[in-house]
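**Q** Have a look; sequence and predicted model below, questions after that.
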Amino acid sequence: MGISGFKNLFRGVISILIISAFVGCAQKQIYNYNQVDVSTKFYAVKKPNQRDLKILKDLINTQDNKEKYGVLIGGYYFKIKEYENAKEYLEKYYNIESKDVGINILKNYWLGSIYSKKDKNKSEMYLNKADSYRETSDYRYFLDYFCGKKSARFLDCNKSVQIDSKTENDNMTNDAEIKDLAQTGSENVILNEEISINLKSPEIINGLLYAIEKNRYKINITQSDVDNSYSITDNTLLIKDNLTINFGIDYKDMLDEASIDDWTIQSKYVFIVINDRYIDAGNYMKSNLDLFGIENKLINFESGNLKYEYDSIVTIPEIDNVTLQPIINNKELTYPDNITFVAVGGYEIIKKMIPYVRYISANPDNVKIVLITDMIDSSILDDDYYPYFKGIKIYTVTDAINNESAVMFKSGYAKYYGSEPDITQYIGYDIVQFLMRQDNYLTSIVEVNSNKVYRKPICVIVDKRYTTECDY
(Lines give C-alpha, C1' and ligand atoms only; values in the text may rest on other atoms or scores of the structure.)
Protein backbone atom coordinates (compact mmCIF):
# COMPACT_ATOMS: atom_id res chain seq x y z
CA MET A 1 0.00 0.00 0.00
CA GLY A 2 1.39 3.40 -1.00
CA ILE A 3 1.61 6.43 1.23
CA SER A 4 -1.61 7.94 -0.17
CA GLY A 5 -3.53 4.72 0.40
CA PHE A 6 -2.12 4.46 3.91
CA LYS A 7 -3.30 8.00 4.63
CA ASN A 8 -6.83 7.31 3.40
CA LEU A 9 -7.01 4.14 5.50
CA PHE A 10 -5.76 6.05 8.53
CA ARG A 11 -8.39 8.76 8.15
CA GLY A 12 -11.13 6.14 8.22
CA VAL A 13 -9.68 4.09 11.07
CA ILE A 14 -8.88 7.06 13.27
CA SER A 15 -12.38 8.48 13.03
CA ILE A 16 -13.81 5.13 14.20
CA LEU A 17 -11.32 4.04 16.85
CA ILE A 18 -10.36 7.32 18.49
CA ILE A 19 -13.46 9.44 18.14
CA SER A 20 -14.19 9.01 21.82
CA ALA A 21 -10.83 10.44 22.92
CA PHE A 22 -12.20 13.94 23.27
CA VAL A 23 -15.70 13.12 24.48
CA GLY A 24 -16.44 15.36 27.43
CA CYS A 25 -13.52 17.70 26.73
CA ALA A 26 -15.66 20.39 25.16
CA GLN A 27 -18.18 20.71 27.96
CA LYS A 28 -19.18 24.31 28.40
CA GLN A 29 -17.71 26.10 31.37
CA ILE A 30 -19.68 29.08 32.59
CA TYR A 31 -17.71 31.70 34.46
CA ASN A 32 -19.23 33.33 37.52
CA TYR A 33 -19.49 37.06 37.01
CA ASN A 34 -21.00 40.13 38.60
CA GLN A 35 -20.60 42.58 35.75
CA VAL A 36 -19.19 42.94 32.28
CA ASP A 37 -16.30 45.32 31.78
CA VAL A 38 -14.97 47.05 28.68
CA SER A 39 -11.44 47.56 27.42
CA THR A 40 -9.88 50.79 28.68
CA LYS A 41 -7.23 50.71 25.96
CA PHE A 42 -9.81 50.22 23.23
CA TYR A 43 -11.96 53.21 24.16
CA ALA A 44 -8.93 55.36 25.00
CA VAL A 45 -7.34 55.22 21.55
CA LYS A 46 -10.04 54.22 19.05
CA LYS A 47 -11.73 56.53 16.58
CA PRO A 48 -14.72 58.18 18.25
CA ASN A 49 -18.30 57.58 17.22
CA GLN A 50 -21.70 58.03 18.76
CA ARG A 51 -22.06 54.38 19.62
CA ASP A 52 -19.19 54.80 22.09
CA LEU A 53 -21.19 57.44 23.92
CA LYS A 54 -24.29 55.24 24.09
CA ILE A 55 -22.39 52.21 25.36
CA LEU A 56 -20.41 54.18 27.95
CA LYS A 57 -23.45 56.08 29.22
CA ASP A 58 -25.38 52.82 29.54
CA LEU A 59 -22.48 51.41 31.55
CA ILE A 60 -22.16 54.41 33.82
CA ASN A 61 -25.86 54.06 34.68
CA THR A 62 -25.78 50.31 35.35
CA GLN A 63 -22.32 49.42 36.66
CA ASP A 64 -20.51 50.15 39.91
CA ASN A 65 -17.12 51.48 38.79
CA LYS A 66 -18.61 54.69 37.40
CA GLU A 67 -15.29 56.52 37.49
CA LYS A 68 -13.99 54.31 34.70
CA TYR A 69 -16.84 55.01 32.31
CA GLY A 70 -16.98 58.69 33.31
CA VAL A 71 -13.31 59.15 32.40
CA LEU A 72 -13.78 57.29 29.09
CA ILE A 73 -16.74 59.53 28.28
CA GLY A 74 -14.48 62.49 29.01
CA GLY A 75 -11.96 60.96 26.62
CA TYR A 76 -14.64 60.65 23.93
CA TYR A 77 -15.35 64.38 24.15
CA PHE A 78 -11.61 65.12 24.28
CA LYS A 79 -11.06 63.26 21.00
CA ILE A 80 -13.76 65.25 19.21
CA LYS A 81 -12.32 68.45 20.77
CA GLU A 82 -15.33 69.33 22.89
CA TYR A 83 -13.00 70.21 25.74
CA GLU A 84 -15.56 71.73 28.12
CA ASN A 85 -17.67 68.57 28.05
CA ALA A 86 -14.49 66.53 28.43
CA LYS A 87 -13.37 68.56 31.44
CA GLU A 88 -16.80 68.24 33.08
CA TYR A 89 -16.65 64.43 33.09
CA LEU A 90 -12.95 64.16 33.89
CA GLU A 91 -13.19 66.51 36.88
CA LYS A 92 -16.45 64.99 38.13
CA TYR A 93 -14.81 61.58 38.54
CA TYR A 94 -11.27 62.79 39.19
CA ASN A 95 -11.17 62.26 42.97
CA ILE A 96 -12.14 58.60 42.72
CA GLU A 97 -9.00 56.47 42.47
CA SER A 98 -9.79 53.64 40.07
CA LYS A 99 -8.61 50.05 40.39
CA ASP A 100 -7.83 50.38 36.69
CA VAL A 101 -4.43 52.11 36.54
CA GLY A 102 -5.02 53.08 32.93
CA ILE A 103 -8.02 55.20 33.97
CA ASN A 104 -5.92 57.04 36.56
CA ILE A 105 -3.30 57.81 33.94
CA LEU A 106 -5.81 58.87 31.30
CA LYS A 107 -7.76 61.34 33.46
CA ASN A 108 -4.54 63.11 34.43
CA TYR A 109 -3.14 63.12 30.92
CA TRP A 110 -6.35 64.42 29.33
CA LEU A 111 -6.82 67.13 31.97
CA GLY A 112 -3.16 68.10 31.71
CA SER A 113 -3.58 68.45 27.96
CA ILE A 114 -6.79 70.49 28.26
CA TYR A 115 -5.19 72.92 30.72
CA SER A 116 -1.91 73.17 28.79
CA LYS A 117 -3.04 76.29 26.88
CA LYS A 118 -4.61 78.23 29.73
CA ASP A 119 -3.17 77.18 33.08
CA LYS A 120 0.42 75.93 32.99
CA ASN A 121 0.59 75.16 36.72
CA LYS A 122 -2.57 73.05 36.65
CA SER A 123 -1.41 71.32 33.50
CA GLU A 124 1.93 70.37 35.07
CA MET A 125 0.19 69.19 38.25
CA TYR A 126 -1.96 66.74 36.29
CA LEU A 127 0.87 65.57 34.05
CA ASN A 128 3.15 64.99 37.04
CA LYS A 129 0.38 62.90 38.54
CA ALA A 130 0.14 60.87 35.32
CA ASP A 131 3.91 60.37 35.49
CA SER A 132 3.61 59.02 39.04
CA TYR A 133 2.32 55.75 37.51
CA ARG A 134 5.51 55.21 35.50
CA GLU A 135 6.24 51.83 37.13
CA THR A 136 3.16 50.25 35.55
CA SER A 137 2.82 48.65 32.12
CA ASP A 138 -0.20 50.82 31.29
CA TYR A 139 1.97 53.92 31.75
CA ARG A 140 4.42 52.87 29.04
CA TYR A 141 1.55 51.91 26.72
CA PHE A 142 -0.24 55.25 26.95
CA LEU A 143 2.98 57.30 26.99
CA ASP A 144 4.15 55.62 23.78
CA TYR A 145 0.77 56.07 22.12
CA PHE A 146 0.11 59.69 23.00
CA CYS A 147 3.65 61.08 23.16
CA GLY A 148 5.78 58.81 20.99
CA LYS A 149 8.23 56.07 21.93
CA LYS A 150 11.12 58.51 22.52
CA SER A 151 9.30 60.43 25.26
CA ALA A 152 10.48 59.83 28.82
CA ARG A 153 7.40 61.25 30.56
CA PHE A 154 4.09 62.98 29.93
CA LEU A 155 5.34 66.28 31.30
CA ASP A 156 7.89 66.54 28.49
CA CYS A 157 5.68 65.78 25.52
CA ASN A 158 3.94 68.51 23.58
CA LYS A 159 0.35 67.79 24.52
CA SER A 160 -1.70 69.67 21.93
CA VAL A 161 0.62 68.95 19.00
CA GLN A 162 0.84 65.26 19.86
CA ILE A 163 -2.92 64.81 20.04
CA ASP A 164 -3.54 66.71 16.81
CA SER A 165 -0.81 64.70 15.11
CA LYS A 166 -2.27 61.42 16.31
CA THR A 167 -5.70 62.37 15.07
CA GLU A 168 -4.43 63.44 11.65
CA ASN A 169 -1.92 60.68 11.07
CA ASP A 170 -3.61 57.67 12.59
CA ASN A 171 -7.24 58.45 11.87
CA MET A 172 -6.58 60.56 8.74
CA THR A 173 -9.39 62.98 9.57
CA ASN A 174 -9.64 66.69 10.26
CA ASP A 175 -11.66 68.28 13.05
CA ALA A 176 -14.90 68.43 11.05
CA GLU A 177 -14.54 64.82 9.94
CA ILE A 178 -13.97 63.67 13.51
CA LYS A 179 -17.22 65.25 14.65
CA ASP A 180 -19.02 63.92 11.59
CA LEU A 181 -17.72 60.43 12.29
CA ALA A 182 -18.88 60.72 15.89
CA GLN A 183 -22.39 61.55 14.73
CA THR A 184 -22.62 58.92 11.97
CA GLY A 185 -21.10 55.89 13.63
CA SER A 186 -24.09 53.63 12.97
CA GLU A 187 -24.60 54.22 9.25
CA ASN A 188 -24.16 51.61 6.52
CA VAL A 189 -25.68 48.81 8.57
CA ILE A 190 -25.73 45.61 6.54
CA LEU A 191 -28.94 44.24 8.04
CA ASN A 192 -32.00 46.09 9.26
CA GLU A 193 -32.45 43.83 12.26
CA GLU A 194 -30.71 44.68 15.51
CA ILE A 195 -28.92 41.96 17.49
CA SER A 196 -28.21 42.13 21.20
CA ILE A 197 -25.39 40.22 22.89
CA ASN A 198 -25.32 39.60 26.62
CA LEU A 199 -21.58 39.43 27.16
CA LYS A 200 -20.50 37.25 30.08
CA SER A 201 -16.88 36.87 29.02
CA PRO A 202 -15.02 40.22 28.96
CA GLU A 203 -11.84 38.67 27.50
CA ILE A 204 -13.40 38.46 24.04
CA ILE A 205 -14.87 41.97 23.88
CA ASN A 206 -12.07 43.62 21.88
CA GLY A 207 -12.57 41.40 18.85
CA LEU A 208 -16.34 41.85 19.03
CA LEU A 209 -16.15 45.62 19.26
CA TYR A 210 -13.66 45.87 16.43
CA ALA A 211 -15.89 43.76 14.16
CA ILE A 212 -18.93 45.88 15.04
CA GLU A 213 -17.10 49.17 14.49
CA LYS A 214 -15.29 48.16 11.31
CA ASN A 215 -18.41 46.88 9.59
CA ARG A 216 -20.91 49.28 11.19
CA TYR A 217 -23.07 46.37 12.31
CA LYS A 218 -26.20 47.02 14.31
CA ILE A 219 -25.24 45.00 17.37
CA ASN A 220 -25.63 46.06 20.98
CA ILE A 221 -23.44 44.74 23.79
CA THR A 222 -25.64 44.44 26.87
CA GLN A 223 -25.04 43.62 30.52
CA SER A 224 -28.25 41.66 31.13
CA ASP A 225 -30.55 39.34 29.25
CA VAL A 226 -32.96 41.00 26.84
CA ASP A 227 -35.60 39.45 24.61
CA ASN A 228 -34.11 37.27 21.88
CA SER A 229 -30.55 38.16 22.90
CA TYR A 230 -27.54 35.94 22.43
CA SER A 231 -25.06 35.31 25.23
CA ILE A 232 -21.31 34.86 24.86
CA THR A 233 -19.52 33.12 27.68
CA ASP A 234 -16.29 31.21 28.26
CA ASN A 235 -14.67 33.28 25.46
CA THR A 236 -16.01 31.08 22.67
CA LEU A 237 -19.52 29.83 23.49
CA LEU A 238 -22.47 31.49 21.76
CA ILE A 239 -25.76 30.68 23.48
CA LYS A 240 -29.37 31.45 22.62
CA ASP A 241 -32.28 29.65 24.25
CA ASN A 242 -31.36 25.95 24.00
CA LEU A 243 -28.73 26.45 21.29
CA THR A 244 -25.05 26.47 22.21
CA ILE A 245 -22.38 26.88 19.52
CA ASN A 246 -18.76 26.36 20.47
CA PHE A 247 -16.49 28.60 18.38
CA GLY A 248 -13.37 27.34 20.14
CA ILE A 249 -10.45 25.86 18.19
CA ASP A 250 -10.80 22.07 17.94
CA TYR A 251 -7.31 20.63 17.48
CA LYS A 252 -8.57 17.15 16.58
CA ASP A 253 -8.74 17.68 12.81
CA MET A 254 -5.30 19.30 12.74
CA LEU A 255 -3.84 16.49 14.86
CA ASP A 256 -5.33 13.88 12.54
CA GLU A 257 -3.78 15.57 9.50
CA ALA A 258 -0.41 15.93 11.21
CA SER A 259 -0.52 12.28 12.28
CA ILE A 260 -0.54 11.16 8.65
CA ASP A 261 1.89 13.77 7.41
CA ASP A 262 4.79 12.25 5.46
CA TRP A 263 7.28 13.68 7.94
CA THR A 264 5.47 11.94 10.78
CA ILE A 265 4.58 8.53 9.40
CA GLN A 266 8.02 8.02 7.84
CA SER A 267 9.85 8.83 11.09
CA LYS A 268 11.65 6.28 13.19
CA TYR A 269 10.83 8.24 16.30
CA VAL A 270 8.57 11.18 17.14
CA PHE A 271 8.84 13.59 20.06
CA ILE A 272 5.45 15.12 20.86
CA VAL A 273 6.10 18.43 22.64
CA ILE A 274 3.20 20.15 24.42
CA ASN A 275 2.59 22.52 27.30
CA ASP A 276 0.19 22.37 30.26
CA ARG A 277 -2.89 23.56 28.35
CA TYR A 278 -2.48 20.94 25.63
CA ILE A 279 -2.03 17.72 27.56
CA ASP A 280 -5.26 16.25 26.15
CA ALA A 281 -4.19 17.16 22.62
CA GLY A 282 -0.79 15.54 23.21
CA ASN A 283 -2.39 12.35 24.46
CA TYR A 284 -4.65 12.31 21.42
CA MET A 285 -1.66 12.66 19.11
CA LYS A 286 0.16 9.93 20.99
CA SER A 287 -2.80 7.55 20.60
CA ASN A 288 -2.73 8.21 16.85
CA LEU A 289 0.95 7.33 16.60
CA ASP A 290 0.63 4.32 18.92
CA LEU A 291 -2.13 2.99 16.70
CA PHE A 292 0.28 2.65 13.78
CA GLY A 293 3.31 1.56 15.75
CA ILE A 294 5.33 4.76 15.46
CA GLU A 295 7.69 5.02 18.41
CA ASN A 296 7.06 8.27 20.24
CA LYS A 297 7.39 10.09 23.52
CA LEU A 298 5.12 12.79 24.94
CA ILE A 299 7.04 15.59 26.69
CA ASN A 300 5.66 18.63 28.51
CA PHE A 301 7.78 21.59 27.43
CA GLU A 302 7.04 23.41 30.68
CA SER A 303 8.51 20.58 32.76
CA GLY A 304 12.00 21.57 31.59
CA ASN A 305 12.90 17.96 30.73
CA LEU A 306 12.85 18.17 26.95
CA LYS A 307 16.63 18.21 26.48
CA TYR A 308 17.13 15.42 29.01
CA GLU A 309 14.50 13.23 27.36
CA TYR A 310 15.93 13.89 23.89
CA ASP A 311 19.50 13.11 24.98
CA SER A 312 18.33 9.89 26.64
CA ILE A 313 16.83 8.69 23.36
CA VAL A 314 19.30 10.01 20.80
CA THR A 315 22.97 9.33 21.48
CA ILE A 316 25.62 10.46 19.02
CA PRO A 317 28.82 8.59 19.84
CA GLU A 318 32.22 10.00 19.00
CA ILE A 319 33.48 8.99 15.54
CA ASP A 320 36.87 7.24 15.75
CA ASN A 321 37.94 5.52 12.54
CA VAL A 322 34.83 3.37 12.74
CA THR A 323 31.56 4.57 11.23
CA LEU A 324 28.99 4.66 14.02
CA GLN A 325 25.42 5.90 13.99
CA PRO A 326 23.26 7.55 16.63
CA ILE A 327 21.41 5.00 18.72
CA ILE A 328 17.71 5.03 19.57
CA ASN A 329 16.68 3.10 22.70
CA ASN A 330 19.99 1.23 22.45
CA LYS A 331 18.38 -1.26 20.10
CA GLU A 332 17.78 0.41 16.71
CA LEU A 333 20.33 2.37 14.74
CA THR A 334 19.03 5.61 13.26
CA TYR A 335 20.27 9.02 12.18
CA PRO A 336 18.84 12.19 13.78
CA ASP A 337 17.24 12.97 10.42
CA ASN A 338 14.81 10.12 11.06
CA ILE A 339 13.43 11.90 14.10
CA THR A 340 10.53 14.35 13.93
CA PHE A 341 9.33 16.82 16.53
CA VAL A 342 5.59 17.38 16.64
CA ALA A 343 4.94 20.57 18.62
CA VAL A 344 1.40 21.32 19.82
CA GLY A 345 0.38 24.54 21.52
CA GLY A 346 -1.01 28.07 21.34
CA TYR A 347 0.80 30.58 19.19
CA GLU A 348 2.55 32.46 22.00
CA ILE A 349 3.98 29.36 23.71
CA ILE A 350 4.99 27.97 20.32
CA LYS A 351 7.23 30.99 19.72
CA LYS A 352 9.16 29.91 22.81
CA MET A 353 8.99 26.20 22.11
CA ILE A 354 10.32 26.08 18.54
CA PRO A 355 13.62 27.92 19.24
CA TYR A 356 14.29 25.52 22.11
CA VAL A 357 13.57 22.49 19.92
CA ARG A 358 16.20 23.80 17.51
CA TYR A 359 18.62 24.24 20.39
CA ILE A 360 18.41 20.71 21.73
CA SER A 361 18.35 18.97 18.34
CA ALA A 362 21.41 17.07 17.13
CA ASN A 363 20.75 18.47 13.65
CA PRO A 364 19.31 21.96 14.30
CA ASP A 365 19.56 23.23 10.70
CA ASN A 366 17.67 20.30 9.19
CA VAL A 367 15.56 18.95 12.04
CA LYS A 368 12.03 18.03 10.99
CA ILE A 369 9.40 19.94 12.95
CA VAL A 370 5.65 19.61 12.47
CA LEU A 371 3.79 22.36 14.30
CA ILE A 372 0.10 22.31 15.26
CA THR A 373 -1.14 25.68 16.51
CA ASP A 374 -4.20 27.93 16.56
CA MET A 375 -2.82 30.75 14.39
CA ILE A 376 0.20 32.16 12.59
CA ASP A 377 1.04 35.68 11.51
CA SER A 378 3.94 37.50 9.87
CA SER A 379 5.94 37.68 13.11
CA ILE A 380 7.40 34.22 12.41
CA LEU A 381 8.96 35.67 9.25
CA ASP A 382 10.69 38.49 11.14
CA ASP A 383 14.39 38.46 12.01
CA ASP A 384 13.64 37.37 15.58
CA TYR A 385 11.82 34.17 14.62
CA TYR A 386 12.53 33.22 11.00
CA PRO A 387 15.86 31.47 11.76
CA TYR A 388 13.94 29.07 14.01
CA PHE A 389 10.76 28.68 11.95
CA LYS A 390 12.32 28.28 8.51
CA GLY A 391 11.76 24.87 7.03
CA ILE A 392 9.06 23.75 9.45
CA LYS A 393 5.62 22.48 8.49
CA ILE A 394 2.66 24.16 10.18
CA TYR A 395 -0.93 22.98 10.62
CA THR A 396 -3.24 25.78 11.72
CA VAL A 397 -6.75 27.19 11.27
CA THR A 398 -5.91 30.91 11.33
CA ASP A 399 -3.49 32.16 8.70
CA ALA A 400 -2.83 35.88 9.14
CA ILE A 401 -0.07 35.69 6.53
CA ASN A 402 -1.96 34.51 3.43
CA ASN A 403 -5.60 35.22 4.37
CA GLU A 404 -6.11 38.84 3.30
CA SER A 405 -9.08 39.35 5.64
CA ALA A 406 -7.08 38.09 8.62
CA VAL A 407 -4.11 40.28 7.68
CA MET A 408 -6.34 43.36 7.45
CA PHE A 409 -7.98 42.48 10.77
CA LYS A 410 -4.62 42.19 12.47
CA SER A 411 -3.43 45.51 11.08
CA GLY A 412 -6.65 47.38 11.89
CA TYR A 413 -6.92 45.87 15.35
CA ALA A 414 -3.34 46.85 16.18
CA LYS A 415 -4.08 50.40 15.03
CA TYR A 416 -7.08 50.65 17.37
CA TYR A 417 -5.55 48.91 20.40
CA GLY A 418 -1.83 49.47 20.11
CA SER A 419 -1.28 45.72 20.45
CA GLU A 420 -1.80 42.74 18.19
CA PRO A 421 -4.78 40.38 18.55
CA ASP A 422 -4.60 36.92 20.05
CA ILE A 423 -6.70 33.99 18.83
CA THR A 424 -9.61 34.95 21.11
CA GLN A 425 -10.05 38.22 19.24
CA TYR A 426 -10.07 36.50 15.84
CA ILE A 427 -12.81 34.25 17.20
CA GLY A 428 -14.71 37.27 18.53
CA TYR A 429 -14.66 38.76 15.04
CA ASP A 430 -15.93 35.48 13.55
CA ILE A 431 -18.79 35.27 16.04
CA VAL A 432 -19.99 38.69 14.89
CA GLN A 433 -19.67 37.61 11.25
CA PHE A 434 -21.80 34.56 12.00
CA LEU A 435 -24.48 36.62 13.72
CA MET A 436 -24.61 39.01 10.78
CA ARG A 437 -24.75 36.12 8.28
CA GLN A 438 -21.46 36.96 6.65
CA ASP A 439 -19.17 34.14 5.51
CA ASN A 440 -15.76 35.83 5.25
CA TYR A 441 -14.43 34.29 8.47
CA LEU A 442 -10.88 34.74 9.74
CA THR A 443 -10.41 31.24 11.18
CA SER A 444 -11.11 29.03 8.11
CA ILE A 445 -14.67 28.17 9.18
CA VAL A 446 -16.36 26.04 6.53
CA GLU A 447 -19.56 25.19 8.40
CA VAL A 448 -21.52 26.05 11.51
CA ASN A 449 -23.86 23.18 12.18
CA SER A 450 -25.84 22.23 15.27
CA ASN A 451 -23.60 23.13 18.21
CA LYS A 452 -20.22 22.98 16.50
CA VAL A 453 -17.99 25.05 14.26
CA TYR A 454 -16.06 23.15 11.60
CA ARG A 455 -12.77 24.53 10.34
CA LYS A 456 -10.55 23.25 7.55
CA PRO A 457 -6.94 22.75 8.65
CA ILE A 458 -4.38 24.77 6.72
CA CYS A 459 -0.91 23.36 6.06
CA VAL A 460 2.01 25.61 5.10
CA ILE A 461 5.79 25.31 5.00
CA VAL A 462 7.94 28.29 6.02
CA ASP A 463 10.62 29.01 3.43
CA LYS A 464 12.53 32.07 2.19
CA ARG A 465 10.60 34.59 4.29
CA TYR A 466 7.20 33.42 3.09
CA THR A 467 4.96 30.38 3.43
CA THR A 468 3.96 27.94 0.73
CA GLU A 469 1.11 25.45 0.71
CA CYS A 470 2.09 21.94 1.72
CA ASP A 471 2.60 19.49 -1.12
CA TYR A 472 0.93 16.26 -0.07
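**A** Yep, that arrived.
**Q** Now do the same for the closest residue to residue 251 other than its chain neighbours: helix, strand or coil?
**A** Nearest in space to residue 251, with sequence neighbours left out and distances taken as CB to CB, 6 or more residues apart in numbering, is residue 281 at 4.7 Å. (C-beta placed from N, C-alpha, C; glycine too.) Secondary structure state of residue 281, per DSSP: H, G, I helix; E, B strand; the rest coil, is helix.
**Q** Residue 89 now?
**A** Following three-state DSSP, the label given to residue 89 is helix.
**Q** does the nearest residue to it once chain neighbours are set aside sit in a helix or strand, and which one?
**A** Using CB to CB, 6+ apart and skipping the chain neighbours, the partner closest in space to residue 89 is residue 74 (3.5 Å). Element membership for residue 74 (DSSP states H and E) is helix 66-79.
**Q** Contacts only, for residue 72.
**A** Residue 72 makes contact with 38, 40, 43, 44, 52, 56, 103, 106, according to CB atoms under 8 Å, 6 or more residues apart in numbering.
**Q** likewise residue 194?
**A** Applying CB under 8 Å, 6+ apart, we find residue 194 in contact with 218, 219, 220.
**Q** And the residue nearest the centre of the protein?
**A** For the chain, the residue lying nearest the average C-alpha position, counting by CA atoms, centre = their mean, turns out to be residue 422 (0.6 Å).
**Q** wait, that one sits on residue 347?
**A** Yes. Here residue 422 reaches residue 347: they are 7.5 Å apart, a contact under CB atoms under 8 Å.
**Q** Please identify which of the contacts of residue 72 is nearest to residue 203.
**A** Using CB to CB, the shortest approach to residue 203 within those belongs to residue 38, at 11.8 Å.
**Q** what pLDDT does the closest one get?
**A** The predicted local confidence for residue 38 comes out at a pLDDT of 68.
**Q** Over to residue 55?
**A** Among the per-residue scores, residue 55 holds a pLDDT of 79.
**Q** shouldn't it be in contact with residue 213?
**A** No. Counting by CB under 8 Å, no contact exists between residue 55 and residue 213, whose distance comes to 10.8 Å.
**Q** Just give the closest residue to residue 211, not the sequence neighbours.
**A** Closest residue to residue 211 apart from its sequence neighbours, by CB to CB, 6+ apart: residue 432 at 3.8 Å.
**Q** how many other residues sit next to the one you found?
**A** The number of residues packed near residue 432 is 22, by other CB atoms under 10 Å.
**Q** pLDDT weak spots in the stretch 251-400 of the chain?
**A** Counting by pLDDT under 70, the low-confidence segments of the stretch 251-400 of the chain come to 315-337.
**Q** Quick one: the strands in it, in order.
**A** Secondary structure of the stretch 251-400 of the chain, counting by DSSP state E, counting those that start in this stretch: strands at 269-274, 296-300, 314-315, 327-328, 332-333, 339-344, 368-372, 376-377, 393-396, 399-400.
**Q** closest to residue 196 out of those?
**A** Across these, the minimum distance to residue 196, taken as CB to CB, is reached by strand 399-400, at 29.6 Å.
**Q** ok, that closest one: who's next to it in the sheet?
**A** Paired with strand 399-400 in the same sheet, following DSSP bridges, are strand 376-377 (parallel).
**Q** Show me how far the partner strand is from its chain's centre.
**A** Going by CA atoms, centre = their mean, to the nearest Å, the spacing between the C-alpha centre of strand 376-377 and its chain's C-alpha centre is 10 Å.
**Q** ok, now stretch 197-212?
**A** Between the centre of stretch 197-212 and the centre of its host chain there is 13 Å, according to CA atoms, centre = their mean.
**Q** Can you tell me how far the residue nearest to residue 70 when sequence neighbours are not counted is from residue 215?
**A** Nearest residue to residue 70 in three dimensions, chain neighbours excluded: residue 93, at 3.7 Å (CB to CB, 6+ apart). With distances defined as CB to CB, to the nearest Å, the gap from residue 93 to residue 215 amounts to 32 Å.
**Q** Counting neighbours around each, name which of the two comes out higher.
**A** With other CB under 10 Å as the criterion, residue 93 and residue 215 differ in neighbour count, and residue 93 comes out ahead with 21 against 17.
**Q** Go ahead and confirm that one touches residue 60.
**A** No. Because the distance of 9.1 Å does not satisfy CB under 8 Å, residue 93 is recorded as not touching residue 60.
**Q** which residues are common contacts for the two?
**A** By the contact definition CB under 8 Å, 6+ apart, residue 93 and residue 60 are jointly contacted by 66, 70.
**Q** and the residue nearest to residue 70, what does it touch?
**A** 66, 67, 70, 71, 74, 107.
**Q** what about 10 Å?
**A** Applying CB atoms under 10 Å, 6 or more residues apart in numbering, one finds that residue 93 lies in contact with 60, 65-74, 103, 107.
**Q** Tell me if I'm right that the residue nearest to the centre of the chain and residue 414 touch.
**A** No. Contact criterion CB atoms under 10 Å: residue 422 and residue 414 do not qualify, at 11.8 Å.
**Q** so what pLDDT did residue 130 get?
**A** For residue 130, the pLDDT comes out at 93.
**Q** quick one: low-confidence ranges for the stretch 51-200 of the chain?
**A** For the stretch 51-200 of the chain, residues meeting the criterion pLDDT under 70 lie at 158-193.
**Q** Which residue, neighbours along the chain excluded, lies closest to residue 257?
**A** What sits nearest to residue 257 in space, not counting adjacent residues and going by CB to CB, 6+ apart, is residue 457, at 5.0 Å.
**Q** Give me the phi and psi for that neighbour.
**A** For residue 457, the backbone dihedrals are phi -60, psi 140 (criterion: degrees, to the nearest 10).
**Q** Ok, the one 4 residues further on next?
**A** Backbone torsions of residue 461, given as degrees, to the nearest 10, read phi -120, psi 130.
**Q** Same check on residue 98?
**A** Dihedral angles of residue 98 (phi, psi; degrees, to the nearest 10) stand at phi -90, psi 150.
**Q** my read: it touches residue 138, true?
**A** No. Between residue 98 and residue 138 there is no contact, the gap being 11.1 Å when judged by CB under 10 Å.
**Q** who touches both of these two?
**A** Counting by CB under 10 Å, 6+ apart, the residues touching both residue 98 and residue 138 are 40, 104, 105, 106.
**Q** what about residue 405, helix or strand, and which?
**A** helix 404-417.
**Q** which of the residues in that helix are buried?
**A** Of the residues in helix 404-417, those buried by neighbour count under the rule 16 or more other CB atoms under 10 Å are 406, 407, 409, 410, 413, 416, 417.
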